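**Student:** Got a sequence here, can you build the structure:
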Amino acid sequence: MNNMSEKDDFDQIIDKLISEQEIGEAINYLQKILETEPENEKALALLEQFKSILSYRNRDIFGATNLDMDPWLE
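**Tutor:** Take a look at the predicted model:
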């Protein structure tokens, strides 16, 4: 970011999106920032955090269970 105004704008936009729980929009915004500034450490860190959170949130709890062999039906 070239000056403090752009940094302040980035901080305000991302803080607003996070506080409104607009995670998808926040991820899109962070990816746009990283296209123009791939070295932006704050954007990289936030994007990694969101990806980590979403990987836990989107787990299929029934994906690894054995639904055909219930122990109480034997």
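**Student:** got the contact list for the lowest-mean-pLDDT helix or strand in the chain?
**Tutor:** Within the chain, judged by mean pLDDT, DSSP states H and E, the helix or strand with the poorest mean is helix 4-19; its value is a mean of 84. Applying Cβ atoms under 8 Å, 6 or more residues apart in numbering, the contact partners of helix 4-19 are 1, 23, 25-26, 29-30, 33, 42-43, 46. (Each C-beta comes from the backbone N, C-alpha and C, glycine too.)
**Student:** That helix: which residues count as buried?
**Tutor:** Residues 10, 14, 17 are the ones in helix 4-19 that count as buried (16 or more other Cβ atoms under 10 Å).
**Student:** List just the nearest of these to residue 38.
**Tutor:** Closest to residue 38 out of those is residue 10 (14.6 Å), distances taken as Cβ to Cβ.
**Student:** Give me the distance between the closest one and residue 47.
**Tutor:** Here the criterion is Cβ to Cβ, to the nearest Å. By it, residue 10 lies 13 Å from residue 47.
**Student:** same check, this time on residue 8
**Tutor:** With Cβ to Cβ as the criterion, residue 8 and residue 47 are 20 Å apart.
**Student:** gap between residue 16 and residue 44?
**Tutor:** If you go by Cβ to Cβ, the gap between residue 16 and residue 44 works out to 20 Å.
**Student:** Residue 12 too?
**Tutor:** 19 Å.
**Student:** Pull the contacting residues for the residue nearest to the spatial centre of the chain.
**Tutor:** Centroid check for the chain by Cα atoms, centre = their mean gives residue 50 as the closest residue, at 2.0 Å. Residue 50 makes contacts with 23, 26-27, 30, as judged by Cβ under 8 Å, 6+ apart.
**Student:** By neighbour count, which of these wins?
**Tutor:** residue 30 (22 neighbours; other Cβ atoms under 10 Å).
**Student:** Spit out the contact partners of that one.
**Tutor:** 14, 43, 46-47, 50.
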